Structure formats: structure tokens, C-alpha cells
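[1] dropping the sequence and predicted coords here.
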Amino acid sequence: MQRTLMTSLVRISAAITLMILLVLSASEFLHWHDTEHVDFRVYLTAAQLVREHKGAQIYNAADTGQNPQIRFAPADSLFQRTASSLGIPEVRLYVYPPTLADALVPLTFLSLQHAGDAWLIINLLCIALTAMLVTWMLYDSPFRIACLGLFIGAFCFRANILALEQGQISIVLLLLWTAGIVFYVKGFKRTSAAAFALATAIKLTPLLVVLPFLLWREWKWLRWFALSLVALCLILCLVNGPYSLLDYALHVMPPMSAGYPHIDNLSLSSAIPQLYLGLTGGDFRTPNIPVPKAVVLTTKLITTTVLLAGLFYLYKLRNIRSLMQRATILSLVALLSLYCSPIAWRSAYGVVFLAALFLWKDAFEQGASLFELALLVLCTLEFSFFLDTIFLRHTHGALLSSTALLAPLTGCVLIFFTFRKLQLARSTPAAH
């Protein structure tokens, strides 16, 4: 009787949560503004430089020692002149590894409008492939009616709508994280390792996935990951020359590692300084406003502590053999990588879709305590910035400055609660 009641409660909670998420997504569509794929235009400009055999110059004006995040290219810079030749009047600086610029060279042969349309179609296909991969993992076939539901769920996930609107790379990264997890569960370790290596070559944060594979002693997977990453680096050097990688590593990454306090940057590196500014009466709405070194050091200490705590629990879970439990752990590592990264824009939260999916699946199949269910509902809503929306509209001052901390805080609680639950499940003797 109690089991039936809990199952009904999970279903009711899921239905209410889904309705709220659909309302949030619908409001995002209604307020969709034509930003002309601002992020994609950055990628396309860098790709045009590669096409013109100027791959070594893709970090032009981004390698000056200043934090290049959300900075527009100077009017007289090579990067802006290249953007102007494509019909882009103003463009931000390119801050990703060269991989993305190289991959998008074919789109430079299209007009600006057609290239943007093609990028939108590519992203929609990535969502479809993500849904098919998850369906294949769960039902041994990608052609099930559940695939349609997963596609709608991923498409309407608010972070993915933002990524579509801005032309962000986040949906491609969601596909690569999904491919890496699904192919690992299905036993295709080489393909899994290659997918994660490509994700790492596009954006460095997926490198965190190496930690659980080390603790699980997946030596074959690790060898293929390393080989794939080396192969990708060699290709990048052949296409762009070694200078672009060195320039990125030595002159672009270091200033970015300090983070970028901004109300849309939902990483711990941003949220804590922003909260400090709000509590001390500072102008936390001004992007990248300087904060005292003590705050910066405290932020790094907290971020490092969260990362070490995650590593501690991963060590405790090193003997887990269930592939589906390992898939859940990997999805939570994806979530952890957002919080420990210096930059995690709202659109980057698309990868959280996997963690939400696995945890809700577990709640439906095994039940959940009232606390666990309440936590899951709260986090799922906040993964679509439900509390953020309320805070942004109805608060001010110090309370408003805490907005960027809501997603990392609730997410970290969910991560460590789930890790603890998995650990306790392993240490509890099976009933006879």
C-alpha cells in the first residue's frame, strides 16, 4: 500500500513539474528575440579565418591578457574585419579551442542567413539523435514512441531553447555527452571514448569524465580516450599550425580561468563573487566587476572543495558494477563540471537533461523518500531556472545577487545526496 502511494506521489509530482517546465518553455518561445545567433556568428568568423588559411589568428584580440569573455572584437582587428566581410557588423571574441572553428568551415561556403539556418537544423538533428540514443539505451531500439517524448522533453528543456536562440554549441555537447554515456553502457568503449574526447576538444570541461573511468580502472577506455585526444590535437596542428593551440593554452585560457561574474553565469566561480557584491552593496549587475583577492581565493577554495568532495564520493563508488548506475554517475559528473567550471552560461545547462532523466527514471522504478522527491522536483525546476525567474522579477539587492547561486547550490545538494544514496545502497546488506 505504501509502495503504491509513493508511486502515485512520484507520478503526480512529475506531472506537476512537467507542466511548470512547459509553461517556462512556452514563455521562452513567446519572448524569443532575434539575436541572429550571436554565438554562432563568433564560431563562423573563426571558421572563415581557418578557411582563409589564417587558423593561427582565430584568437586575434582575445590573447591580450584580458579576460576575453563577452568582449567585442575591436573595430580595427583582423577578427572584426573578417566578420564584416561575412556581413556581421559586430562580433564577440572567439574563446573555444580551435576544434569548433575547424569543424564549421563547410558552413562558410553558405551565405550568413543560410549558414545560420543550417546551424539551427544541425542543432535540431542533435536533439533528435540524443533522444534516439537514450531510447536505444533504455529499450534496445531507437524506434520507440518514447523517443518522441524524449525529443520533446529535450527540445523544450529551457537551456536548450536558449542555446537554439543564441546559436550556442551546448546542444552538440549534450549529444556528445549522451553518446559517450550510451555507447559505454552498450559496450562500445572505443566509440564512447572518442565521443568524450571530441567533447573535450570542443570545450575542456568534459575532461572531468576521466576521473570516474580512472577509479573504475577502465584502462581500455582510457587508452582510447588518450589516443583520440592526441589524434584530434595532431589534426588541429595540421589544420591551424601548432601556434593556435599554444596561443589558446598560454594566452586565452589563463585570464578566463578567473571566471566572469555575471548574472547569467551560473557557476560557483561567478555566483560567489556576485553574492559578495550584493551583500556589500556593490554593483553586481555590471559584468566582470573586480572583487577583492580574498573573495577570489575563497571562491577557488570552495570550488576546489566541491570538486574534491565529488572525487571522494567517486572513490567510494569505485566498485559499482551496474552500468546504469555508472551512467547516472557520469550524468552527475557532467553536472559537476558545470559548477566547477569558470564559465557556465544558462545555455550550457542543456547537459543537465541527462541527470534529470536518469534520476526521474530511478524514482519511477524504485520509489523515493519525500525528501528525495522534493529535492528532485526543486532541482528539476531550477535546472530550467524557475527560482531564478521568480528572484529576477520580485527581488532586489542582496537577495537578487544570490540568483546565480541557486542552480549551483541546489545542483550540488542533489549530486552529493545521490552519491551518498548510491554509497549507502552498496553498503546495505541485501535482504534474504
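    Cool, the structure landed.
[2] shaky segments in the stretch 1-150 of the chain?
    Applying pLDDT under 70 to the stretch 1-150 of the chain flags residues 1-3, 31-36.
[3] please redo it, this time with the cut-off set to 50
    1 (pLDDT under 50).
[4] which residue ranges of it form helices?
    Per DSSP state H, counting those that start in this stretch, the stretch 1-150 of the chain carries helices over the ranges 2-30, 38-51, 78-85, 98-103, 112-139, 145-156.
[5] for the stretch 251-400 of the chain, same thing?
    With DSSP H, counting those that start in this stretch as the criterion, the stretch 251-400 of the chain has helices spanning 253-256, 268-279, 293-316, 323-340, 352-366, 370-383, 386-394, 397-401.
[6] could you give the angle of the third one to helix 323-340?
    For helix 293-316 against helix 323-340, the angle between stretch directions is 170 degrees (axes from the mean of the first three to the mean of the last three Cα atoms, to 10 degrees).
[7] and the helices of the stretch 251-400 of the chain, which is most packed in?
    helix 268-279 (a mean of 24; mean count of other Cβ atoms under 10 Å). No exception for glycine: its C-beta is placed from N, CA and C like everyone else's.
[8] quick revisit: now the helices of the stretch 251-400 of the chain as JSON lines including mean pLDDT?
    Shown next, in JSON lines, are these (pLDDT from 0 to 100):
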{"stretch": "helix 253-256", "mean pLDDT": "88"}
{"stretch": "helix 268-279", "mean pLDDT": "86"}
{"stretch": "helix 293-316", "mean pLDDT": "91"}
{"stretch": "helix 323-340", "mean pLDDT": "93"}
{"stretch": "helix 352-366", "mean pLDDT": "91"}
{"stretch": "helix 370-383", "mean pLDDT": "90"}
{"stretch": "helix 386-394", "mean pLDDT": "81"}
{"stretch": "helix 397-401", "mean pLDDT": "78"}
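[9] to L9, which of these lies closest?
    helix 370-383 (6.7 Å; Cβ to Cβ).
[10] one step back: closest one to L229 among the helices of the stretch 1-150 of the chain?
    helix 98-103 (10.7 Å).
[11] by contact count, what packs against the closest one?
    helix 38-51, helix 189-202, helix 219-240 (3 or more Cβ pairs under 8 Å, 6 or more residues apart in numbering; DSSP states H and E).
[12] now do 10 Å
    Applying 3 or more Cβ pairs under 10 Å, 6 or more residues apart in numbering; DSSP states H and E, we find helix 98-103 packed against helix 38-51, helix 189-202, helix 219-240, helix 242-247.
[13] before we move on, back to that, closest to L236 out of the helices of the stretch 251-400 of the chain?
    helix 253-256 (14.9 Å).
[14] chain center to the closest one: distance?
    For helix 253-256, the gap between its own C-alpha mean and the chain's C-alpha mean amounts to 19 Å (Cα atoms, centre = their mean, to the nearest Å).
[15] next: stretch 365-379.
    23 Å.
[16] cool, stretch 329-337 as well?
    10 Å.
[17] again with stretch 358-371
    The answer for stretch 358-371 is 23 Å, by Cα atoms, centre = their mean.
[18] check stretch 295-303 too.
    That offset, for stretch 295-303, works out to 21 Å (Cα atoms, centre = their mean).
[19] repeat for stretch 335-354
    3 Å.
[20] in the protein, which residue is closest to the centre?
    A348 (3.7 Å; Cα atoms, centre = their mean).
[21] good, we can wrap up now.
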